[in-house]
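K.L.:
Got a predicted structure plus its sequence, pasted below:
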Amino acid sequence: MTVYEELKARGLIAQVTNEEEISKMVNEGKAVFYIGFDPTADSLHVGHFMALCLMKRLQMAGNKPIALIGGGTGMIGDPSGRSDMRQMMTKETIEHNCECFKKQMSKFIDFSDDKALMVNNADWLLDLNYVELLREVGACFSVNNMLRAECYKQRMEKGLSFLEFNYMIMQSYDFYALYQKYGCNMQFGGDDQWSNMLGGTELIRKKLGKDAHAMTITLLLNSEGKKMGKTQSGAVWLDPEKTSPYDFYQYWRNVGDADVLKCLRMLTFLPLEQIDEMDKWEGSQLNTAKEILAYELTSLVHSREEAEKAQATARALFSGGGDSANMPTTRLSAEELSDGKIDILSLLVKSGLVPSKSEARRAVQQGGVEAGGEKVTDIAKSFDESELSGEGLVLKRGKKNYNRVVLG
């Protein structure tokens, strides 16, 4: 099976501009490709995970990845898939987020010996003269075609700002700049980026008379058609300070039965033959498949050691033995207590088991909360310093969400 055939078999490819040419380049290790990452937070999240895995796969096959950090485009914000306008970020925040991305990407991509590049589009976008840009590329874009693009349709309903309207031109200019600077001949991205990517291939063709290619990656959706990577308390981050290795493991351990095989194919590096065998599994065997998925992905993002710890903790907790040593832990300061006490609703929010007090109240009233092994039914229940000291207090929401709260 060729590299490209494997990508198809894993369900990773959505749309391509020229399949024959793209498969030839990828299989022969001649693709110099880029994927863009806008630095809208100080950590990558599960939504970026598939792109990082694809870069790793293609690099292993001899192709050269370029990780493009959107220090320039991040000043504007991508309207794709959004019904509202993104918050504007300061230059300092963007630079900080870019640094965080670099550190995380290095776990997936080998940047040594010119095997891959990491570049920031701020290096060319922020120095552009507006009149010169209009003269250079303005005539290459049809406003009629741009307005038909899927990425603008949702925003058109509420009002598309001219600021956001420029995003496609900026992303297209990135491809144009990377083609000239580094011989970048291919762009990969999420399926919602198709219009922006075609803009880049067209700009290269019109300005340079050369062919460049685009391929979109299937979006990671669950069986209900919703994007994966979100929990009740927010995004699933790759930064262990924002989402602990245990919580990361648990996210994948809890995927739906209908999604586990798809995730194994798209995200892990297990042989397809092994995954195809799991296709016959059912009942309790699906739980084993979920454990395999959670272990493999936690190993990729955090390390084998962290994956083993997370797996051991989960197994101990759910067999009733409990393992608070490696459980996700929230530390409280004495200042966070009122008269030496703290109520259950505040504890649930501070531990990240729920996103808000209203959610906490609902969870308690529905009988889904335990503290110290006992069900909590009173929303006014509070705990004092003695109960939070030493080993701390183990909170449980639902069947699978634990957190140990410790004072000090």
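P.N.:
Noted; the coordinates are in hand. Worth saying up front: this structure is predicted, and the values here are computed from it rather than measured. Numbering: from 1, shown residues only.

K.L.:
how about the nearest residue to S356, chain neighbours excluded?
P.N.:
Nearest residue to S356, sequence neighbours excluded (Cβ to Cβ, 6 or more residues apart in numbering): V349, at 6.6 Å. Using the backbone N, CA and C atoms, a C-beta is placed for each residue, glycine as well.

K.L.:
Return the helix or strand containing that neighbour as CSV; C-alpha atoms alone will do.
P.N.:
Using DSSP states H and E, V349 falls within helix 344-350. Backbone C-alpha positions of helix 344-350 (Å, rounded to 0.1, in the frame of the first residue of the first chain) are rendered in CSV as follows:
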residue,chain,number,x,y,z
ILE,A,344,-19.7,22.1,47.0
LEU,A,345,-20.7,24.2,44.0
SER,A,346,-17.5,26.3,44.2
LEU,A,347,-15.4,23.1,44.6
LEU,A,348,-16.9,21.6,41.5
VAL,A,349,-16.2,24.7,39.4
LYS,A,350,-12.7,25.2,40.8
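
K.L.:
Residues contacting it, please?
P.N.:
When contacts are defined by Cβ atoms under 8 Å, 6 or more residues apart in numbering, helix 344-350 is touched by residues 330, 332, 336, 354-357, 359-361, 363-364, 369, 371, 376, 378-383, 393, 395, 397, 405.

K.L.:
that older thread, the residue nearest to S356: neighbouring residues, count only.
P.N.:
17 (other Cβ atoms under 10 Å).

K.L.:
Poorly predicted segments of the stretch 51-200 of the chain, please.
P.N.:
76-88, 150-151, 154-155 (pLDDT under 70).

K.L.:
what's the single longest helix in the protein?
P.N.:
In the chain, taking DSSP state H as the definition, the longest helix is helix 284-301.

K.L.:
helices or strands next to the helix or strand following that one in the packing?
P.N.:
Following helix 284-301 in sequence order, the next helix or strand is helix 304-318 (DSSP H and E). Judged by 3 or more Cβ pairs under 8 Å, 6 or more residues apart in numbering; DSSP states H and E, the packing partners of helix 304-318 are helix 245-253, helix 284-301.

K.L.:
Now helix 304-318: buried residues?
P.N.:
Going by neighbour count (16 or more other Cβ atoms under 10 Å), the buried part of helix 304-318 is E306, A307, K309, A310, Q311, T313, A314, A316, L317.

K.L.:
Check stretch 273-282 too.
P.N.:
I275, M278.

K.L.:
Check stretch 204-211 too.
P.N.:
Buried residues in stretch 204-211 (16+ other Cβ under 10 Å): I204.

K.L.:
In contact with K107: list those residues for me.
P.N.:
Counting by Cβ under 8 Å, 6+ apart, K107 has contacts L300, V301.

K.L.:
quick one: F248 and V301 touch, right?
P.N.:
Yes - F248 lies in contact with V301 (Cβ atoms under 8 Å); the separation is 6.4 Å.

K.L.:
what's the overlap in contacts for the two?
P.N.:
What both F248 and V301 touch, as defined by Cβ under 8 Å, 6+ apart, is the set L238.

K.L.:
now the strands for the stretch 1-150 of the chain?
P.N.:
13-16, 32-37, 64-69, 117-120 (DSSP state E, counting those that start in this stretch).

K.L.:
Can I get these in TSV including distance to A258?
P.N.:
Shown next, in TSV, are the strands of the stretch 1-150 of the chain (distance: least, Cβ to Cβ, whole Å):
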stretch	distance to A258
strand 13-16	20
strand 32-37	28
strand 64-69	31
strand 117-120	36
